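A.B. asks: Generate coordinates for the sequence data below:
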Amino acid sequence: MSVSALSLARLLGGISGFLQLASLLGLLLLLFKAVQFLLHRQWLLKALQQFPSPPSHWFFGHKIPKDQELKHTLTWVGEFPSACPQWLWGSKVRILVYDPDYLKVILGRSDPKAPSTYRCLAPWIGYGLLLLNGQKWFQHRRMLTPAFHYDILKPYVGIMADSVRVMLDKWEQLIGQDSLLEIFQHVSLMTLDTIMKCAFSYQGNVQLNRNSQSYIKAVGDLNYFIFSRVRNVFHQNDTFYRLTTDGRFFNEACQLAHEHTDKVIRQRKAQLQNEGELEKVRRKRRLDFLDILLFAKMENGSSLSDEDLRAEVDTFMFEGHDTTASGISWIFYALATHPEHQQKCREEVQSLLGDGASITWDHLDQMPYTTMCIKEALRLYPPVPNVSRDLGKPITFPDGRSLPKGIMVTLFIYGLHHNPKVWPNPEVFDPSRFAPGSSRHSHSFLPFSGGSRNCVGKQFAMNELKVAVALTLLRFELLADPTRVPVPMVLLVLKSKNGIHLRLRKLQ
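C.D. replies: Below you'll find the model as predicted:
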């Protein structure tokens, strides 16, 4: 045999040996993962044995079409007391909790947000208030709370009213062509307009700006992609996900969202270079949201990092407009489907505001029936249907059942609000549930979550809901279209699978 042939044989032999070794290592790794999977699943089954659930597939979990998740899980609320496991796939499970006593226990603790769920949001909104845990969350929460003091919120009412009127003016022009409108997109632009002017000192017409519409679309896409990814066992690995079609579209939507928020930050920084604007800010007793971030000094004396700054802006830009848009849109739908309550709200607002030429902070506490209807709509259609925690230590519930450390619990707010043991006839729109003097469990109504991690902007949001409802009812009668009934769908925010379509009739 020649030297070259011998060398080739040795090379092939070496390659063959390497491939055999690689195959063996791959097989051992696969075997290790299989054992790890089985052991973890057995641990979960034992940990959850006190909590029965419907039958599920050992690998694919509870196979529920995503546009039917609410319908399916609400049947569990009626069937399984207080809480029920939902298997997402083999060893991935969450405990849906929809009992107020259970929720009170969980919200009274400081368990971290579930990283396996919320980490999918990080490429978009970064680690701001929504995703932070521990001491850093506490520092940021304490820093930002003054942005929602009533001294700051009072003048925002006028800004909110101006944004609502721009939307209503657009509606007047559109209904000359066709009175049927898909309202969610319009309301989203209005709430984005409001948050940018109130919290970010933005100057411009957001509702007529095409870039704003691109941001709204990007947020809608991100809602879908994140929800879809959390439910897909094959999309959990970041590297693999980036190679998928969904992953590429997700990254593109993130870039669009970041371009929008980066522009807002740049413009405000440029404004603050103007000595007149800077002096005006320094004279204010309290700062707006973005100005707090730009002037912030941490406890160690350092300024907020650019990464932390953008994370808080991205977080509040999303939460400050998308959740509020969901709330307003569903409130409009609830009033459209209950014209008798809509008319009572209208009469209350007319007696208070007349033609609505001006609405002030003081007016907001003088519309009790309208507030009752708003709260009842938020009960039926909570903007944030659920939030998740990872148990940092074992927990025991009032009925004696317990869960160990490491289990993911989901505060199923939509299920709580539709729980027949908490709310009799839960599907009936009944504003009297919130009549002054009525009693209910402290944790039976949680549209803004609860405990120390409740929504920092809940008063801002409630003010905006009241302004939008009051001014809209003065101008339009809202009518439901029986052929276009919205189908509630769980994403990050409660949306409708087929949009929210209403007929508008201009009042004389």
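A.B. asks: Point out where the stretch 201-350 of the chain drops to low pLDDT.
C.D. replies: Applying pLDDT under 70 to the stretch 201-350 of the chain flags the ranges 275, 297-302.
A.B. asks: Tell me, please, where in this structure the pLDDT is lower than the cut-off.
C.D. replies: Applying pLDDT under 70 to the chain picks out residues 1-14, 177-178, 275, 297-302.
A.B. asks: hey, where'd the strands end up in it?
C.D. replies: Assigned by DSSP state E, the chain shows strands spanning 83-89, 92-97, 180-182, 386-390, 395-396, 402-403, 408-412, 476-480, 488-490, 494-496, 501-506.
A.B. asks: got TSV for those strands, with distance to residue 162 and mean neighbour count too?
C.D. replies: (C-beta placed from N, C-alpha, C; glycine too.) As requested, the strands of the chain are arranged in TSV below (distance: least, C-beta to C-beta, whole Å; neighbours: other C-beta atoms under 10 Å):
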stretch	distance to residue 162	mean neighbour count
strand 83-89	44	22
strand 92-97	41	23
strand 180-182	21	17
strand 386-390	32	22
strand 395-396	47	14
strand 402-403	49	16
strand 408-412	36	24
strand 476-480	18	20
strand 488-490	31	19
strand 494-496	26	23
strand 501-506	20	18
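A.B. asks: Looking at those, spot the one closest to residue 234.
C.D. replies: Of all the strands of the chain, strand 83-89 sits nearest to residue 234, with 9.4 Å by C-beta to C-beta.
A.B. asks: List of residues touching stretch 212-229?
C.D. replies: 66, 120-121, 124, 185, 188-189, 192-193, 206, 235-236, 241, 246, 249-250, 253-254, 256-257, 260, 318, 321-322, 490-493, 495 (C-beta atoms under 8 Å, 6 or more residues apart in numbering).
A.B. asks: Quick one: buried ones out of those?
C.D. replies: 120-121, 124, 185, 188-189, 192-193, 206, 235, 241, 250, 253-254, 256-257, 260, 318, 321-322, 490-493, 495 (16 or more other C-beta atoms under 10 Å).
A.B. asks: how about the strands of the chain, which one is nearest residue 445?
C.D. replies: Ranking the strands of the chain by proximity to residue 445 (C-beta to C-beta) places strand 408-412 first, at 12.8 Å.
A.B. asks: For residue 93, give me its contacts.
C.D. replies: So residue 93 contacts 44, 48, 61, 85-87, 407-408 (C-beta under 8 Å, 6+ apart).
A.B. asks: Please identify the buried residues of stretch 66-82?
C.D. replies: By neighbour count on 16+ other C-beta under 10 Å, the buried set for stretch 66-82 is 69-70, 73-74, 76-77, 80-82.
A.B. asks: just to revisit the earlier point, let's have the strands of the chain in JSON lines, adding distance to residue 374.
C.D. replies: What follows is the strands of the chain, written out as JSON lines (distance: least, C-beta to C-beta, whole Å):
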{"stretch": "strand 83-89", "distance to residue 374": "29"}
{"stretch": "strand 92-97", "distance to residue 374": "25"}
{"stretch": "strand 180-182", "distance to residue 374": "21"}
{"stretch": "strand 386-390", "distance to residue 374": "21"}
{"stretch": "strand 395-396", "distance to residue 374": "33"}
{"stretch": "strand 402-403", "distance to residue 374": "35"}
{"stretch": "strand 408-412", "distance to residue 374": "22"}
{"stretch": "strand 476-480", "distance to residue 374": "14"}
{"stretch": "strand 488-490", "distance to residue 374": "18"}
{"stretch": "strand 494-496", "distance to residue 374": "15"}
{"stretch": "strand 501-506", "distance to residue 374": "17"}
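A.B. asks: Show me the one of those that comes nearest residue 135.
C.D. replies: strand 386-390 (17.4 Å).
A.B. asks: Now do that closest one against strand 408-412, angle only.
C.D. replies: Orientation of strand 386-390 against strand 408-412 (axes from the mean of the first three to the mean of the last three C-alpha atoms, to 10 degrees) gives an angle of 160 degrees.
A.B. asks: If you count contacts, what does strand 386-390 end up packed against?
C.D. replies: helix 115-118, strand 408-412, helix 413-417 (3 or more C-beta pairs under 8 Å, 6 or more residues apart in numbering; DSSP states H and E).
A.B. asks: which residues are contacting that strand?
C.D. replies: With contacts defined as C-beta under 8 Å, 6+ apart, strand 386-390 is touched by 94, 96, 106, 111-118, 406-415, 449, 490.
A.B. asks: again with stretch 47-54
C.D. replies: Contacts with stretch 47-54, where a contact means C-beta under 8 Å, 6+ apart, come from 62, 76, 80, 83-87, 93, 95, 401-404, 407.
A.B. asks: likewise stretch 192-209?
C.D. replies: By C-beta under 8 Å, 6+ apart, stretch 192-209 touches 147, 156, 159-160, 163, 166-167, 170, 189-190, 212, 215-216, 264, 267-268, 271, 288-291, 313, 316-317, 320-321, 324-325, 460, 464.
A.B. asks: Give me the phi and psi angles of the nearest residue to residue 407 once chain neighbours are set aside.
C.D. replies: Leaving aside its sequence neighbours, residue 407 sits nearest to residue 391 (C-beta to C-beta, 6 or more residues apart in numbering; 5.0 Å). In terms of degrees, to the nearest 10, the main-chain angles of residue 391 are phi -60, psi 120.
A.B. asks: pretty sure residue 417 is touching residue 445, no?
C.D. replies: Yes: assessed by C-beta atoms under 8 Å, residue 417 is found in contact with residue 445 at 7.1 Å.
A.B. asks: Common neighbours of those two, please.
C.D. replies: Shared contacts of residue 417 and residue 445 (C-beta under 8 Å, 6+ apart): residue 379.
A.B. asks: Tell me which of the strands of the chain lies nearest to residue 330.
C.D. replies: Across those, residue 330 has its closest neighbour in strand 494-496 (7.0 Å, C-beta to C-beta).
A.B. asks: That closest one - contacts with which helices or strands?
C.D. replies: Where contact means 3+ C-beta pairs under 8 Å, 6+ apart, strand 494-496 is packed against helix 324-336, strand 488-490.
A.B. asks: right, so those: which one is the most enclosed?
C.D. replies: Of all the helices and strands packed on strand 494-496, helix 324-336 has the most neighbours on average by mean count of other C-beta atoms under 10 Å, namely a mean of 26.
A.B. asks: For that one, name the packing helices and strands.
C.D. replies: Using 3+ C-beta pairs under 8 Å, 6+ apart, helix 324-336 sits against helix 183-199, helix 339-353, helix 368-380, helix 458-475, strand 476-480, strand 494-496, strand 501-506.
A.B. asks: Excluding its own residues, what touches the last one? List them.
C.D. replies: By C-beta under 8 Å, 6+ apart, the surrounding residues in contact with strand 501-506 are 171-172, 175, 179-183, 332-333, 336, 475-481, 484, 486.
A.B. asks: So what are the sheet partners of that strand and their directions?
C.D. replies: Using DSSP bridges, the strands paired with strand 501-506 in its sheet are strand 180-182 (antiparallel), strand 476-480 (antiparallel).
A.B. asks: Can you report how many residues lie near residue 115?
C.D. replies: Neighbourhood size, residue 115 [other C-beta atoms under 10 Å]: 14.
A.B. asks: For it, give me its contacts.
C.D. replies: Contact analysis of residue 115 by C-beta under 8 Å, 6+ apart lists residue 390.
A.B. asks: ok, now residue 99?
C.D. replies: By C-beta under 8 Å, 6+ apart, the contact list for residue 99 reads 81-83, 416, 419, 421-422.
A.B. asks: which one among these gets closest to residue 28?
C.D. replies: Residue 28 lies nearest to residue 83 out of the contacts of residue 99, by C-beta to C-beta, at 38.8 Å.
A.B. asks: for that closest one, which residues make a bridge with it?
C.D. replies: Judged by DSSP bridges, the bridge partners of residue 83 are residue 97.
A.B. asks: Tell me if I'm right that residue 59 and residue 90 touch.
C.D. replies: Yes: the pair residue 59 / residue 90 is scored as a contact, 4.8 Å apart, by C-beta under 8 Å.
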